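Student: Below are the sequence and a predicted model; questions follow.
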Amino acid sequence: MKVPPNNLLRLSLIYWVSGKSYVAWFLALLVIGCTVVIVSLNLALNNWQAGFYNQLQAYDRPGFHRTLLQFLLISTLYILTSGYQSYGKLLLQLRWRQWLTDVFTRLWLTNRTYYHLNLLQTSLDNPGQRISEDIRIFINTTVDIVVDVLRHLTTLAVFSTVLWQLSGTLTLPFFPFALPGYLLWLALLYSLTGTWFTFRAGLPLVSRNVIQQTAEADFRSHLDHLGGHDESVALYRGEAAEQVTLTRHFKRLAQNYLAIAKATKNLTLLSVAYSQLSIVFAFLVSSPRYFSNEIQLGQLFEISGAYWYVHASLSYMVENFNKLALWKAVHIRLTHFIHMMSAVEKLAKADGTTVPQKANQFELKNVTLFSPTGDVLQKNISCTLHPQEHLLISGPPGCGKTTLLRTIAGIWPHFSGLVLKPGRQSQFFLPQTPYLFKTTLRELLLYPHHPPVDDEILQELLICCQLPALYARLNEYEDWPKSLSLGQQQCLSLIRAILHKPAWLFLDEATASLDPATEERLYACLRQKLPATTLISVGHRKSLLPYHQRLLQLRTD
Ligand SMILES: Nc1ncnc2c1ncn2[C@@H]1O[C@H](COP(=O)(O)OP(=O)(O)OP(=O)(O)O)[C@@H](O)[C@H]1O
């Protein structure tokens, strides 16, 4: 997949022109339509107020009942429209989020970016949390903000006109000009002042929210890590050490939260004082016209209602600064994620050359391996391998055996030299740690992409690879990494390799947890089931030598 523009907003907006957004457009129109209707109903309610209070003031009982019926009608429409607006908004958020999540997961998985990210010097914290949590918050708040702004702009347009008409003209002593629509000007002045103070008070929340999202993710990630390594921790009796680490993570989270609490307190003091004052402000400034009998009680309420709507629209930032700060925070985190993925793309193209070739042979020409920090692990490895020339790669721990396999697999970018190899389909790599997960045993055996096979074949392979008892559990859904021993997991991984029938099979200490007798039986099984496959094994044991014709001995200087 092509790397997207390094701009999150531009990337997100591609959805709306992608040809996959017909339903989302329909939902957006529904939400916009409902928003306009809600604003119109607000206007109707405000007009209704004038009639209602005037009927009360005039002790007009039938008129009072009539206005109550009107209210019932407006209110029913209001309830229905609000319900469908909110439903449409939620469906829209889900669709957009689904698309953006798909884009991110594709970028993350394509070209093994998820793996290369770990090789960058500036590592990226918690990519999982960014994909699940940050995208959710980003999309939900974006839709909320757009809908809110649209509602407030419509409200502002409608109620400014009303307020202008109802305001009358202000003439002040010592002021040479009459000021038409003075309540509108006052609302504008009041809101702009509030917005400026809010911006000043709330700005620290942006960076604090970025830190908070990261700290929360670190805390959760350590809890998940603990869950995944429960047995190791239990055997080490590592509970106290884990408690210390968890407390440290939580302390960071809590310290930052205190700073957020302080900034939020200042912001709340400001915004509540601002809203409280605004309740009486309209009455205060329009009361002279009421007391001079220019307007009735109903008009006074109508003016104050219109003023309140105009003021609320202009005060969007004051009332929603927390939401805006959170939006900015996740925007920063997701933008950083996109930048890191672009950096990986450059890194993956950086060093040596891997060339797929038609001939069914492997060739390493002067391959030098480096660590991510640039240290030389192995210098000038050269080796040509023909089919059926089984190779054993040996050497001390940390000398670069696994790194050599990663280089051949094309996932290690830190090398120089030339790797010539047959097409990807003909290779299969068994990593040092078996990759098992929660699913049925059948699916586990077919991983990553083998079509379903008959039970008899699976039974035969389970017997051949020393796991006959597992046949009865083929359809069991189980947390296999927990319920199988490491040795059993390695046997199971070999079945996967046999099923995929590769021309070249790479085994990275794939039988290291087995006793020599079982290891021997498994290699015999491999030879029997995969007679045409060439084995390239990494291992330390001398007992592996008889299964290989060639030895590549790596050394450290
Ligand atoms: N993702 C990584 N990030 C940083 N350094 C790494 C990474 N992977 C490997 N290394 C470093 O590269 C060196 C070679 O590692 P490698 O796993 O290839 O050794 P090995 O010979 O297979 O060791 P062992 O026999 O213990 O499996 C080590 O010093 C290791 O610390």
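Tutor: Received, thanks. Computed from a predicted structure; not experimentally measured. Residues are numbered from 1 along each chain as shown.
Student: Can you give the domain ranges for this structure?
Tutor: 8-348, 354-553 (the TED database).
Student: Make JSON lines out of the ones you listed and add distance to the ligand.
Tutor: Where you see a C-beta, it was placed from the backbone N, CA and C, and this is true even at glycine. Putting the domains of the chain into JSON lines (distance: least, Cβ to the nearest ligand atom, whole Å) gives the following:
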{"stretch": "domain 8-348", "distance to the ligand": "6"}
{"stretch": "domain 354-553", "distance to the ligand": "3"}
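Student: Please name the residues that touch the residue lying closest to residue 220 once chain neighbours are set aside.
Tutor: Leaving aside its chain neighbours, residue 220 sits nearest to residue 129 (7.1 Å; criterion: Cβ to Cβ, 6 or more residues apart in numbering). Contact partners of residue 129, counting by Cβ atoms under 8 Å, 6 or more residues apart in numbering, are 213, 216-217, 220-221.
Student: Check which element follows the host helix or strand of residue 506 along the chain.
Tutor: Residue 506 belongs to strand 504-508 when assigned by DSSP states H and E. Downstream of strand 504-508, the next assigned helix or strand under DSSP H and E is helix 516-529.
Student: Now do that next one: which elements does it pack against?
Tutor: In terms of contacts (3 or more Cβ pairs under 8 Å, 6 or more residues apart in numbering; DSSP states H and E), helix 516-529 is packed against helix 455-464, helix 486-500.
Student: tell me which strands and helices the longest helix seen in the chain is in contact with?
Tutor: Ranked by residue count, the top helix of the chain under DSSP state H comes out as helix 239-291. Secondary structure elements in contact with helix 239-291, counted by 3+ Cβ pairs under 8 Å, 6+ apart, are helix 182-202, helix 204-228, helix 297-314, helix 316-348.
Student: Let me know which of those is tucked in deepest.
Tutor: helix 297-314 (a mean of 23; mean count of other Cβ atoms under 10 Å).
Student: tell me the angle of it relative to helix 182-202?
Tutor: Counting by axes from the mean of the first three to the mean of the last three Cα atoms, to 10 degrees, helix 297-314 lies at 40 degrees to helix 182-202.
Student: orientation of helix 297-314 relative to helix 316-348 in degrees?
Tutor: 20 degrees.
Student: Just the CA trace of helix 297-314, in PDB.
Tutor: What follows is helix 297-314, C-alpha atoms only, in PDB (Å, rounded to 0.1, in the frame of the first residue of the first chain):
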ATOM      1  CA  LEU A 297     -42.500  40.000  29.700                       C
ATOM      2  CA  GLY A 298     -42.800  37.600  26.800                       C
ATOM      3  CA  GLN A 299     -40.400  39.700  24.600                       C
ATOM      4  CA  LEU A 300     -38.000  40.000  27.500                       C
ATOM      5  CA  PHE A 301     -37.800  36.100  27.600                       C
ATOM      6  CA  GLU A 302     -37.600  35.900  23.900                       C
ATOM      7  CA  ILE A 303     -34.700  38.400  23.800                       C
ATOM      8  CA  SER A 304     -32.900  36.600  26.600                       C
ATOM      9  CA  GLY A 305     -33.500  33.300  24.800                       C
ATOM     10  CA  ALA A 306     -32.100  34.600  21.500                       C
ATOM     11  CA  TYR A 307     -29.200  36.200  23.400                       C
ATOM     12  CA  TRP A 308     -28.500  32.900  25.100                       C
ATOM     13  CA  TYR A 309     -28.400  31.000  21.700                       C
ATOM     14  CA  VAL A 310     -26.100  33.600  20.100                       C
ATOM     15  CA  HIS A 311     -23.800  33.600  23.100                       C
ATOM     16  CA  ALA A 312     -23.700  29.800  23.300                       C
ATOM     17  CA  SER A 313     -22.800  29.600  19.600                       C
ATOM     18  CA  LEU A 314     -20.000  32.100  20.000                       C
END
